[in-house]
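Engineer: Turn this into a model:
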Amino acid sequence: MKLKNKLLERLLDFAVNTVKRSEEITLKYYTKKIKPRVKDNLTPVTVADIKCEDFILSRIKNKYPSHSIHAEESGITQSPSEFKWIIDPIDGTKNYMRKYPFWGTLLALEYQGEVVLGVISMPSLKETISAAKGMGCYSNNKKCKVSKITSIKDSYLIHGGLDYIVAEPYKNNFLQLVNQTYYNRGFGDCHGHSFIIKGQSEIMIDPHVAPYDVAPIKICVEEAGGRFTDLCGNPTIYNGNALVTNGKVHDAVLKILNQNLESREVYKTV
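Structural biologist: Okay, here's the model as predicted:
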């Protein structure tokens with residue numbers, strides 16, 4: 001069943017309002033010295049992560065109690081609902097801890113397994129990006145469009161953590177891609193993806209992600225005219241890595257990343 005536009009508008013308004021209200025929590029702790037604890041997966045979590053997620057969860061459970069939830073800190077709550085909210089209270093916790101402004105709160109909604117809306121809020125940068133299926137993508141109410149660049153040699157490349165990239169079988173192919181692009185920089189997390197969404201860069205490689213890291217990225221870049229897949233070309237947020245581009249260079253990037261890699265899924269156009 002297709003989601004009606006009026007319902008989608010209401011859901012998006014709720015999501016944007018919820019995330020904007022959560023900024024009071026994250027900005028409050030951002031000005032303080034906070035001690036993180038290390039989770040089982042060896043990543044840090046702070047009181048700000050927990051309190052922000054609790055606030056968003058309370059809003060969702062109050063308004064949409066039947067919906068499923070996948071939240072970074074509290075896990076998955078399944079229900080028979082066709083809707084699932086996906087929450088990352090602070091994407092870029094390590095940046096947040098050291099007072100780098102490149103972090104954000106992410107909220108997305110899946111309907112029947114497809115991401116249909118997303119919100120990326122970067123309070124320290126005073127920027128909110130949001131999108132819903134068929135409704136476009138906006139940054140602080142200004143419409144976003146990916147760049148029109150069509151060649152890798154003219155493209156700007158953004159990448160996440162090099163430690164993950166060099167540990168993967170596509171390390172040499174990644175270095176080849178770096179050599180072929182016009183410019184490259186390491187801006188991780190939602191901040192890095194925002195450059196693709198707003199047309200300031202053409203390629204973002206995120207080698208190690210969870211669904212809550214990229215769920216809103218997918219709908220935002222697609223509504224801005226770009227493309228989202230994993231590093232093998234599958235249009236999913238669930239395979240542990242992501243390639244985000246302006247769409248025009250996507251296939252060429254996939255081909256470079258997957259050449260001569262017999263151990264990986266064969267590159268395919270999707």
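Engineer: pLDDT weak spots in this structure?
Structural biologist: 1, 262-270 (pLDDT under 70).
Engineer: quick check: longest helix of it.
Structural biologist: helix 5-30 (DSSP state H).
Engineer: so where do the helices sit in the stretch 101-250 of the chain?
Structural biologist: Read by DSSP state H, counting those that start in this stretch, the stretch 101-250 of the chain holds these helices, from start to end of the chain: 162-167, 171-180, 189-197, 211-223, 250-258.
Engineer: Nearest to Val16 among these would be which one?
Structural biologist: helix 211-223 (11.0 Å; Cβ to Cβ). Bear in mind the C-beta positions are built from the backbone N, C-alpha and C, glycine included.
Engineer: now could you export just the CA positions of the closest one as PDB?
Structural biologist: The C-alpha trace of helix 211-223 is given here as PDB (Å, rounded to 0.1, in the frame of the first residue of the first chain):
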ATOM      1  CA  PRO A 211      21.600   1.200   9.700                       C
ATOM      2  CA  TYR A 212      21.100   4.100  12.100                       C
ATOM      3  CA  ASP A 213      24.200   5.800  10.800                       C
ATOM      4  CA  VAL A 214      22.900   6.100   7.200                       C
ATOM      5  CA  ALA A 215      19.100   5.600   7.200                       C
ATOM      6  CA  PRO A 216      18.300   9.400   6.800                       C
ATOM      7  CA  ILE A 217      21.300   9.800   4.500                       C
ATOM      8  CA  LYS A 218      19.700   7.400   2.000                       C
ATOM      9  CA  ILE A 219      16.400   9.300   1.600                       C
ATOM     10  CA  CYS A 220      18.000  12.700   1.700                       C
ATOM     11  CA  VAL A 221      20.600  12.000  -1.000                       C
ATOM     12  CA  GLU A 222      18.000  10.300  -3.200                       C
ATOM     13  CA  GLU A 223      15.500  13.200  -2.900                       C
END
